[in-house]
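**Student:** I'll drop the sequence and a predicted model, then ask my questions.
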Amino acid sequence: MNHDFELTSENQSRSNRSSAGQSVKIMLKEITHSGNLRIPVDDVWPYWKLIKSDNFFERLFLDIEQTDIISNETVTNHYNEIKSYLDKWREREGAGISFAESHGGNQVSDLLYLLNEAYYELRNKSARDELYRKFKSKLKSAAEERLSIIIKTALADKVLSPEEKKLIIEEGIKAGLSFQETESLLLRVINESGDIRDESSDAGSSLSFNNALHVLGVDAGFTIGKIRHRYSLLRDDLLSGLTSESEKVRSETRNEINKLDEAFSVISQYQDRLKIQNENQVIENPLPVITPAPVITPSHSETNFPGVNPSPQNVTSGNPVTKEYGNKKGLMVGFGIIAILAVILIAANAGNDKKTPEAVIQDESVFQENNQGSGRNRLPAGLISVKGGTFQMGCTSDNSGDCETDELPLHTASVSDFLISATEVTQAEWVSIMGYNNSSFTGPDMPVENVSWFDAINYCNKRSLSEGLDPVYINSNGRITADIGRNGYRLPTEAEWEYAARGGNKSRGFFYSGSNSSGEIAWYEKNSAGETHPVGKRKPNELGLYDMSGNVREWCWDWYSPSYDPYSTLNNSSNTNIYRVSRGGSWNNGSYFLRVSHRGDFYPVTRVDYIGLRVVRSY
């Protein structure tokens with residue numbers, strides 16, 4: 001898959017221009033996702049009219065619906081690309097070639113003004129978020145206004161029938177309102193109208209709850225948010241069928257869309273039957289009790305790798321996009337073995353002057369691997385020891401021309417000794433602990449992706465428990481805190497990540513992690529072929545760490561803030577915000593995003609195919 005998009009010339013057939021017009025929203029989504037806009041400067045860009053849009057995002061050829069993944073760098077890159085196009089035409093005007101003649105009578109200066117206005121409004125994340133909030137609010141108001149007309153028409157005879165209520169609910173879902181929002185609006189209109197006889201109590205659907213799940217290819221282990229996302233994707237895939245020249249195709253498409261709408265309406269109405277109600281509550285138990293992870297069914301088939309025996313998971317039968325892991329008998333045998341081992345270990349510790357299990361967790365013996373070696377002289381498999389120190393964190397003077405504001409000011413940060421995994425967490429490692437795999441690009445040695453920040457810290461705690469270590473993360477009434485003094489696995493702080501990416505006390509001052517040549521050390525847009533690759537295949541950095549630049553971005557513990565001030569202190573732990581930090585760039589990024597100082601920010605519930613994780617442990 002190529003993620004560099006060079007948009008075509010305006011000199012194309014009428015049918016092609018019509019097709020391009022229909023697909024412009026899709027192109028906006030794809031280009032926003034890639035962050036790589038390419039405009040041919042030697043021809044007329046067919047989408048120049050978007051610069052005149054009332055939507056600031058569209059002026060920069062960005063999809064406002066993807067605000068959460070639009071970075072400051074993406075905004076700047078799109079602005080520079082479009083500005084270069086206009087600047088080139090300004091040069092042509094100097095040679096007597098008319099810009100206005102091929103651009104609807106518009107002047108270069110007028111479009112530059114609109115472009116600069118959009119850039120000024122979008123260059124800060126807080127401003128983008130506020131514009132997105134207003135955009136969603138406006139959409140909701142418009143949807144409610146349209147639905148109100150439908151409701152009032154249905155109530156013109158002063159009776160609400162079951163069929164009318166079903167139609168109203170379906171139209172509300174189509175308009176982007178939730179089931180609850182639709183019902184609330186219906187009730188409000190009924191109350192305003194007065195004297196309405198409600199005969200809709202028997203309103204229902206021909207689809208059962210389980211059949212509705214089957215239609216959308218999900219099961220009761222999905223969150224309502226994940227189901228809504230899948231519903232939107234399936235519906236978007238069908239929309240092109242409505243423009244077919246064949247009446248039969250258009251009719252079949254309408255039927256399929258209606259079926260999807262009905263299924264989502266049923267699930268929304270009975271979402272209390274879903275097993276997972278809140279995506280944020282992913283740490284089921286901070287106490288040292290091993291429990292199997294809930295199934296989070298992926299859009300791709302779950303994968304069981306050779307040599308990996310994940311904990312069994314039961315899913316709804318008949319789901320076309322899931323597989324079962326093992327069976328109940330295997331689960332009981334597994335827990336039986338764990339129980340027997342626990343008894344043996346406790347008996348072995350009793351009477352030989354050992355500390356209690358809780359005390360042992362705090363002891364240096366945690367650095368022993370399978371009771372071999374002693375203390376800190378024995379490193380756990382797959383971890384690299386990093387000697388702590390003080391370093392200059394942020395964008396340095398040698399690449400100041402490429403600095404983003406959130407990489408400044410350059411400041412002194414200090415980190416203590418820690419252990420860090422040599423590679424990104426692989427899918428085999430993930431499945432062995434969590435029992436499921438949501439990754440888009442599957443393979444046992446491929447980095448796990450499509451995991452949220454919450455998924456990542458849940459993995460850390462469960463891995464700690466599986467190895468008899470003390471979990472770092474504690475969930476107290478929905479508030480996640482970390483005790484990095486504990487010996488369990490955790491995400492690196494942002495300062496630890498950058499210190500390690502720079503090579504720690506062995507740093508040679510490279511631009512990327514391990515080299516000044518991105519191709520030597522990273523899988524990125526120019527060599528990834530549009531997918532992730534097995535970990536550890538590129539050149540490591542000075543500490544022996546692989547893929548710190550490229551392959552997948554990596555979650556960090558820290559909250560994101562658009563500037564390092566005012567908390568540029570030891571370990572650089574950020575204050576509370578709404579985004580979490582990701583670092584390192586990924587397979588779909590240009591080399592700019594691979595720099596060791598580059599910072600990314602995402603909602604902690606974000607699951608995308610270019611974010612994974614790497615784990616650390618404290619000494």
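**Tutor:** Yep, it's here. All values derive from a computational prediction rather than experimental measurement.
**Student:** okay, now the unreliable bits of the stretch 251-400 of the chain?
**Tutor:** 275-378, 397-400 (pLDDT under 70).
**Student:** surely S563 touches D406?
**Tutor:** Yes - using Cβ atoms under 8 Å, S563 is in contact with D406, at 6.3 Å. The C-beta positions use only the backbone N, C-alpha and C, and glycine is treated the same way.
**Student:** looking at those two, which is more packed in?
**Tutor:** It is D406, of S563 and D406, that has more neighbours when counted by other Cβ atoms under 10 Å, with 23 against 13.
**Student:** do you know how far the closest residue to the more buried one other than its chain neighbours is from V581?
**Tutor:** Take D406 and drop its neighbours on the chain: the residue closest to it by Cβ to Cβ, 6 or more residues apart in numbering is P562, 4.8 Å away. P562 sits 11 Å away from V581, going by Cβ to Cβ, to the nearest Å.
**Student:** what about the residue nearest to D406, how many residues nearby?
**Tutor:** P562 - counted by other Cβ under 10 Å - has 17 other residues nearby.
**Student:** equivalent analysis for N588, please.
**Tutor:** Neighbours of N588 (other Cβ under 10 Å): 25.
**Student:** same question for the one 5 residues further on.
**Tutor:** For F593, the count of nearby residues is 26 (other Cβ under 10 Å).
**Student:** show me what contacts it?
**Tutor:** Neighbour list for F593: 35, 73, 524, 585-586, 600 [criterion: Cβ atoms under 8 Å, 6 or more residues apart in numbering].
**Student:** report the buried members of those residues.
**Tutor:** 35, 73, 524, 585-586, 600 (16 or more other Cβ atoms under 10 Å).
**Student:** which SS class is the residue nearest to D406?
**Tutor:** Following DSSP: H, G, I helix; E, B strand; the rest coil, we place P562 in the coil state.
**Student:** let me see the backbone angles for it.
**Tutor:** P562 has phi and psi values of phi -70, psi 0 when expressed as degrees, to the nearest 10.
**Student:** surely it and N124 touch.
**Tutor:** Yes - under the criterion of Cβ under 8 Å, P562 makes contact with N124 at 6.8 Å.
**Student:** intersection of neighbour lists for those two?
**Tutor:** In contact with both P562 and N124: N72, using Cβ under 8 Å, 6+ apart.
**Student:** which of the residues in the helix or strand that contains K138 are buried?
**Tutor:** Element membership for K138 (DSSP states H and E) is helix 125-154. Under the neighbour-count criterion of 16+ other Cβ under 10 Å, helix 125-154 has 125, 128, 131-132, 135, 143-144, 147, 150-151, 154 buried.
**Student:** report the rounded mean pLDDT for it.
**Tutor:** What helix 125-154 shows for mean pLDDT is 88.
**Student:** how far does that helix sit from its chain's centre?
**Tutor:** 24 Å (Cα atoms, centre = their mean, to the nearest Å).
**Student:** and that helix, what other elements does it pack with?
**Tutor:** helix 108-122, helix 162-174, helix 179-193 (3 or more Cβ pairs under 8 Å, 6 or more residues apart in numbering; DSSP states H and E).
**Student:** go through the second one and flag the buried ones.
**Tutor:** Neighbour-count burial for helix 162-174, counted by 16+ other Cβ under 10 Å, picks out 164-166, 168-174.
**Student:** do the first one as well
**Tutor:** Under the neighbour-count criterion of 16+ other Cβ under 10 Å, helix 108-122 has 108, 111-112, 114-115, 118-119, 121-122 buried.
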